[in-house]
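Chemist: return a 3D structure for these sequence lines:
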Amino acid sequence: MKSLTHPRGIGRSCLALATFVAGLTATARADEVTDWNKIMLQAALVAPATSPLVMGRVGAIVQVSVFEAVNGIERRYAPVHAVSFEPVPGASLRAAAVQAAYAALVRLYPTQKSTFDAKLAASLAAISSGPAAENSESIARGVDWGQAVADAIWNWRSTDGFAPPPPPFLGGNAVGQWRPTPPGLLPGAGPQFAYMTPWAISSPSQFRPAGPPALTSARYTTDFKETQSMGSLSSSTRTADQTLASKFWNASTPAYFWDTLAIALGADRHNTLSENAHLLALVNVAIADAGIACWEAKYHFVFWRPVTAIPLADTDGNADTPADPTWTPLLTTPAFPEYPSGHSTVSGAAATVLASYFGKSTSFSMDSDVMTGVVRSFTSFSAVLDEIQDARIFGGIHFRTACADGQATGAAVANYILANALQPVHGILPVAASAAGAGGSFFKTAVGLHNPAASPISGTLIFRQQGVPGSSADPTLSYTLLPYETLDYADFLAAIGQTGLGSLDLVATTGAIPVTEARIYNDRDPAATGAREDLILPEEALLPGLGGTLLAPRDFQRYRFNIGVRTLSAGASMTVTVRDKKGVSRSSFSVAYPGDFFFQLSANAFLGLSLQPEDSIRFVLTSGRAVVYGATADNTTQEPEIFIATRTAD
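Modeler: Sure, this is the predicted structure:
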């Protein structure tokens, strides 16, 4: 096999999505996961408002509780924190998510319990009524499960080192060392975050940056002069918009900025409740662990703030850093060491997660829950991170190196989490073949599995036979992969004693699903490339609101053209519309299929007409989920090719 591709779905969609967050907050398609995220963010504003640092822990506790409640029922991803009990079959996903969020918030904000009680009652009433109403037994089971999961997460994090707080940290008076800053002259905030148990990274110091530049270095001189000029309260070089941006990024918590953006972009992509639970868990775990990594570095290097460094510059041994005893920053200096920047670190982490999910060049706008009516717009995630760096410098509270190194640290934390945490445990290879082709040839399917981790992984491959609804009786093959081991099957269906056409499910039982590649090839020419397949994750399937399109070949004399459909566990209903290359409708019909069902037919047989070159076939789902593909075979070489119908908005 030529290469192996990781099956993670995040990052495959790189379309630019223009999203106006402030406008979407009232109109975006909501669900119980996003509703309770907003309830959490509102609770954080109630006096005394939750600090940005503590909000990182709050967001992770709530969103991991919600994720584990949803994921414990669906089993799509590896857990953040495994529990030793199982949900009762038939438990409501929606009720589980609501109860998990509620239970976590009551623990975190006990004085707001009456507010949460009212929100809980409204959410459960909505689940039990309306066109998507669920029965009372399912809801009760979901509530019980959500409560049990939230209790387990709370018990785990109650020993993470957050409490009791350590003695007050006062730094020191050595040159370059942090000490309490005006106007409050408060002790260093959150020193326990420096040694708190992380959520996903291996230790607080795993991604410790190199440290601030030497006080006599050219880098420090440049940083010093920039902050001294641009960050002064009375700066004549800072523009009005730069002043506004500095205040904007200082007003709300990073959790508000990034959770709100995640929800808005997810709505534009038509995320499901399960996808929102997974995405918000990723974002908030990345923010929480980035905060821990940042605070470990802050209290390791204990570097002074500009409000201290600039007035005392005549003590730093650098003749090129002029002291200004009256210098005052635009923003009030936070009460903790300067290096690295907390905002740049956690924003670097959150932006890395969202960029991997929605694409680096996504366009969007961001609002504030404190500076109402102010909106900042960006053409990419790198653009917003650049502005956040500038905002901390132009606000007079950071030097450039702290922001750059903080952003890099956050990105490293996020990339580690994306590669090692909340990994998918279920993937689909849409078609597998061990079947006769034209002219005495034979199609076979090669499958390669690779374990990229330092621990063994195991799981099961399930063969869903053509035309038969999926069941527990379907043929299976179990695998175990040692660290960094690769398994190759030149003819996978022969290895499990099967022939014909079907689809493959890959379900992990220990660890995440392996790096997976499949290739359907014709044995007339074993050296031919064949049709490569990458693993499709359930959340990449077509769903209501996000259908898919296939195009017929240009040359029907040269190519045979087939259409295949694989449904997920809930089955799928869809409308299929054929149009000619000018967009004129030729045919439209509706079909429904059971769960875990697979078929592949010639396009003409499936559609009930003779396709013309470059006809389009649009699949619009009305319920459920399905993977749809087109498959061609060259009539001369018998070389196959497979095209997945990728999701586009209906």
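Chemist: just the strands in the stretch 301-450 of the chain please.
Modeler: Ranges of strands within the stretch 301-450 of the chain are 364-367, 375-378, 426-436, 442-450, based on DSSP state E, counting those that start in this stretch.
Chemist: ok, G188 to W295 distance?
Modeler: Per C-beta to C-beta, to the nearest Å, G188 is found 10 Å from W295. Every C-beta, even on glycine, is put in place using the N, C-alpha and C of the backbone.
Chemist: okay, and the common contacts of these two?
Modeler: F336 (C-beta atoms under 8 Å, 6 or more residues apart in numbering).
Chemist: settle it for me: which of those two has more neighbours?
Modeler: A count of neighbours by other C-beta atoms under 10 Å puts W295 above the other of G188 and W295, at 27 against 23.
Chemist: so where is the chain shaky, pLDDT-wise?
Modeler: The chain contains residues with pLDDT under 70 at 1-29, 525-528.
Chemist: against which helices or strands is the longest helix along the chain packed?
Modeler: Assignment by DSSP state H gives helix 273-301 as the longest helix of the chain. The contact analysis (3 or more C-beta pairs under 8 Å, 6 or more residues apart in numbering; DSSP states H and E) places helix 273-301 against helix 32-45, helix 52-74, helix 93-108, helix 254-268, helix 342-358, helix 400-420.
Chemist: now the residue positioned nearest the centre of the chain: how far from G266?
Modeler: By C-alpha atoms, centre = their mean, the chain has its centre lying nearest to L279, at 3.8 Å. Going from L279 to G266 by C-beta to C-beta gives 6 Å.
Chemist: next one: S51
Modeler: On the measure of C-beta to C-beta, S51 and G266 end up 26 Å apart.
Chemist: neighbour count for those two, which is higher?
Modeler: G266 (24 against 14).
Chemist: correct me, but the more buried one touches E275?
Modeler: Yes. At 6.7 Å, G266 counts as touching E275 under the criterion of C-beta atoms under 8 Å.
Chemist: check the offset of stretch 133-153 from the chain's centre.
Modeler: Computed by C-alpha atoms, centre = their mean, to the nearest Å, the chain-centroid distance of stretch 133-153 equals 24 Å.
Chemist: burial count for C294?
Modeler: The number of residues packed near C294 is 35, by other C-beta under 10 Å.
Chemist: that one is in contact with P340, isn't it?
Modeler: Yes. C294 is within contact range of P340, at 5.8 Å (criterion: C-beta under 8 Å).
Chemist: find the residues that touch each one of those two.
Modeler: G406, T409.
Chemist: got a list of what the residue lying closest to the residue nearest to the centre of the chain once chain neighbours are set aside touches?
Modeler: Excluding the flanking residues, the one nearest L279 by C-beta to C-beta, 6 or more residues apart in numbering is A262, at 5.5 Å. Applying C-beta under 8 Å, 6+ apart, we find A262 in contact with L279, L280, V283, L354.
Chemist: now, the most widely separated pair of those residues?
Modeler: L280 and L354 (10.9 Å; C-beta to C-beta).
Chemist: what comes up buried for whichever strand in the chain runs longest?
Modeler: Counting by DSSP state E, the longest strand found in the chain is strand 559-579. Of the residues in strand 559-579, 559-568, 571-574, 576-579 count as buried by neighbour count, 16 or more other C-beta atoms under 10 Å.
Chemist: same question, stretch 508-519
Modeler: Buried, per 16+ other C-beta under 10 Å, within stretch 508-519: A508, G511, A512, I513, P514, V515, T516, E517, A518, R519.
Chemist: the closest residue to S92 other than its chain neighbours: neighbour count?
Modeler: Spatial nearest neighbour of S92, chain neighbours left out: G142 (3.3 Å); criterion: C-beta to C-beta, 6+ apart. If you count neighbours by other C-beta under 10 Å, G142 ends up with 29.
Chemist: swap in P553?
Modeler: A count of neighbours around P553, defined by other C-beta under 10 Å, yields 18.
Chemist: assign a three-state SS to it, would you?
Modeler: At P553 the chain is in coil, as set by DSSP: H, G, I helix; E, B strand; the rest coil.
Chemist: now for it: which residues touch it?
Modeler: Y559, F561, P613, T632.
Chemist: if we go to 10 Å?
Modeler: With contact set as C-beta atoms under 10 Å, 6 or more residues apart in numbering, P553 has these partners: Y559, R560, F561, A603, L611, P613, E614, D615, G630, T632, E641.
Chemist: surely K38 touches I263?
Modeler: Yes. With contact defined as C-beta atoms under 10 Å, K38 and I263 form a contacting pair (7.9 Å).
Chemist: higher neighbour count, these two?
Modeler: More crowded of K38 and I263, by other C-beta under 10 Å: I263, with 27 against 17.
Chemist: hmm, that one is touching T34, no?
Modeler: Yes. In this structure I263 lies within contact range of T34 using C-beta under 10 Å: 4.8 Å.
Chemist: circling back to that earlier point, wait, which of the strands of the stretch 301-450 of the chain is closest to P469?
Modeler: Per C-beta to C-beta, nearest to P469 of these: strand 426-436, 15.5 Å.
Chemist: tell me the angle that closest one makes with strand 559-579.
Modeler: 130 degrees (axes from the mean of the first three to the mean of the last three C-alpha atoms, to 10 degrees).
Chemist: and strand 426-436, how far out from the chain's middle?
Modeler: Taking mean C-alpha positions (C-alpha atoms, centre = their mean), strand 426-436 and its chain are 27 Å apart.
Chemist: measure R532 to R519 for me?
Modeler: For R532, the distance to R519 - C-beta to C-beta - is 5 Å.
Chemist: what does W156 give?
Modeler: Applying C-beta to C-beta to W156 and R519 gives a distance of 43 Å.
Chemist: about what we covered before: okay, the angle between the longest helix of the chain and helix 32-45?
Modeler: Using the same axes, to 10 degrees, helix 273-301 lies at 40 degrees relative to helix 32-45.
Chemist: re the thing from before, make JSON lines out of the strands of the stretch 301-450 of the chain and add mean neighbour count and distance to L543.
Modeler: Formatted as JSON lines, those follow (neighbours: other C-beta atoms under 10 Å; distance: least, C-beta to C-beta, whole Å):
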{"stretch": "strand 364-367", "mean neighbour count": "23", "distance to L543": "22"}
{"stretch": "strand 375-378", "mean neighbour count": "17", "distance to L543": "28"}
{"stretch": "strand 426-436", "mean neighbour count": "23", "distance to L543": "14"}
{"stretch": "strand 442-450", "mean neighbour count": "22", "distance to L543": "27"}
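Chemist: so which of the ones you listed comes closest to A82?
Modeler: Among the strands of the stretch 301-450 of the chain, the nearest to A82 by C-beta to C-beta is strand 426-436 (16.6 Å).
Chemist: can you tell me which of the buried residues of stretch 508-519 are in strands?
Modeler: Short answer: the buried residues of stretch 508-519 in strands (DSSP E) are A508, V515, T516, E517, A518, R519.
Chemist: turn those into a markdown table, columns for distance to P424.
Modeler: Listed next are those as a markdown table, based on distance: C-beta to C-beta, whole Å:
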| residue | distance to P424 |
| --- | --- |
| A508 | 8 |
| V515 | 12 |
| T516 | 11 |
| E517 | 15 |
| A518 | 16 |
| R519 | 21 |
